[in-house]
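# the amino acid sequence is not available; the structure is as follows:
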């Protein structure tokens, strides 16, 4: 008669700790390297432009509606507070520029005021968003 050797319960278990460590490190890597898109907080009908270029760098988005409302960081802002808000956001992201998303039916005077506030806030790169025509 042969005796069967019984296995110890410790021999049959799989050690999952190294696999969990690798998964956790990968999760941290993807979170750190992910780019998050900030939105102005309102949908704008941007004008079409043949010469429009895409900007990939993190930017401060300012939206101007047809009715003359100014939106920054998903909040409606008074025109007098635009400069202070841009200064605050520019301090958080000094490499980013300001992108103004003006509705195609908005007033040019308000657009110039927002551009002026961005320049006075110390942002060297101020752009106007447009729809790219292929």
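Arrived safely. Since we're looking at a predicted model, the values are computed, not measured.

# rest of the way, CA atoms for contacts and neighbours
Noted.

# can you give me the helices in this structure?
For the chain, the helices defined by DSSP state H cover 17-33, 82-92, 108-120.

# buried stuff in the second one?
Neighbour-count burial for helix 82-92, counted by 16 or more other Cα atoms under 10 Å, picks out 82, 83, 85, 86, 87, 89, 90.

# and for the longest one?
By 16+ other Cα under 10 Å, helix 17-33 has no buried positions at all.

# same question, stretch 121-130
When burial is assessed from 16+ other Cα under 10 Å, stretch 121-130 yields the following buried residues: 121, 123, 126, 128, 129, 130.

# make a markdown table out of those and add pLDDT and distance to residue 15.
Listed next are these as a markdown table, based on pLDDT from 0 to 100; distance: Cα to Cα, whole Å:
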| residue | pLDDT | distance to residue 15 |
| --- | --- | --- |
| 121 | 91 | 56 |
| 123 | 89 | 54 |
| 126 | 87 | 55 |
| 128 | 83 | 56 |
| 129 | 82 | 54 |
| 130 | 78 | 55 |
